[in-house]
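# sharing a sequence plus its predicted fold:
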Amino acid sequence: MPQAPDLFVVCKNCGSEVSSYVTECPYCGTRLRKRAPKLEGTDLGDRRRPAKPRAPRLGKLRAGEIPGIRPDASHRPIATIVLTVACALGTIAMAVFSVLDVGVVGKLDGDWWRVATAPFFFQNLWYAVAVIVAVALFGGLLEQRHGPVVVVLLFCLCGMGGIAAAALLETVPLALGANGAALGLLAAWAVRPTLELRRGGEPDADLIGAGVIALVILLMPLVATEASPTAGAVGLVLGLLAGVPLARR
């Protein structure tokens, strides 16, 4: 371990005591040493003062990041992605299948498996786009807040529940597509910002945009006859009922 230098030295020319950390006498200007002694624990070298520590630097931000926070891949809405892809594939598969093969057309007569398959198939392209966009948007928001299980259960409850209600309540049932599921997910998401608005708060959500999307899906039976109004209405009500306990979690 190196020994620390003395605090003062005597100038040989004028006899004054000066600091041992200077190279020239401040009184007579006599050169005392070639360089100042090295301080223990520092890396001065030939420099007169220690170097400033470098500030830490973050790498370039990726998409979806904010400074200091890196997104967690485990929080991706996997369940929502799977549901939207399944609906998109069902729309493509309608080039091979017909409504009679996978949807509810007339009384079921024991073919209740159609209730499970009908939400994943679409015959009208605009109907498919509107529903898939709503499922992707509001399903993703709900999944980030409550997890994938909630989204899958809501899709099945509102989508298949709406199809089952149409099969039971309509005189001549005709139901295909997930309009009930889309409206149910939208309604379940909208409960929380609506309650915040009623309490006088400022919800960080676009309720007007959500209302426009809901209106478009509710009016889809005017464009696509296979979009059951009963299925949509029942899915909307079930989503509202499910959204109340979710908003209080």
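Structure's in. What do you need? Everything quoted here is computed from the prediction, not taken from an experiment.

# could you look up the SS state of residue 231?
Secondary structure, DSSP: H, G, I helix; E, B strand; the rest coil: residue 231 is helix.

# surely it meets residue 179?
Yes: counting by C-beta atoms under 8 Å, residue 231 touches residue 179, with 5.9 Å between them. For every residue, glycine as well, the C-beta is placed using N, CA and C.

# okay, the two: which has more neighbours?
In this view residue 231 and residue 179 are compared by other C-beta atoms under 10 Å, and residue 231 has more residues nearby, 36 against 33.

# residues in contact with the nearest residue to the more buried one once chain neighbours are set aside?
Nearest non-adjacent residue to residue 231, counting by C-beta to C-beta, 6 or more residues apart in numbering: residue 162, 3.3 Å away. Neighbour list for residue 162: 175, 179-181, 184, 228, 230-235, 238 [criterion: C-beta atoms under 8 Å, 6 or more residues apart in numbering].

# for residue 162, report the pLDDT, please.
The score at residue 162 is 96. That number is its pLDDT.

# what of residue 87?
pLDDT, residue 87: 96.

# what's the burial count for residue 240?
Using other C-beta under 10 Å, residue 240 has 18 other residues around it.

# over to residue 249?
For residue 249, the neighbour count with other C-beta under 10 Å is 8.

# mind listing what it touches?
residue 146.

# that one and residue 188, how far apart?
Separation of residue 249 from residue 188 (C-beta to C-beta, to the nearest Å) stands at 12 Å.

# re the thing from before, what comes up buried for the host helix or strand of the residue nearest to residue 231?
Assessed by DSSP states H and E, residue 162 sits inside helix 161-169. By neighbour count on 16 or more other C-beta atoms under 10 Å, the buried set for helix 161-169 is 161, 162, 163, 164, 165, 166, 167.

# per-domain residue ranges of this protein.
8-42, 76-247 (automatic domain parsing).

# least confident of those, on average?
domain 8-42 (a mean of 68).

# show the contacting residues for the most centrally placed residue in the chain.
Centroid-nearest residue in the chain, with C-alpha atoms, centre = their mean: residue 144, separated by 5.5 Å. Listed by C-beta under 8 Å, 6+ apart, the contact partners of residue 144 are 75, 77.

# so in this protein, which helix runs the longest?
helix 125-146 (DSSP state H).

# give me the distance between that one and the centre of its chain.
13 Å (C-alpha atoms, centre = their mean, to the nearest Å).
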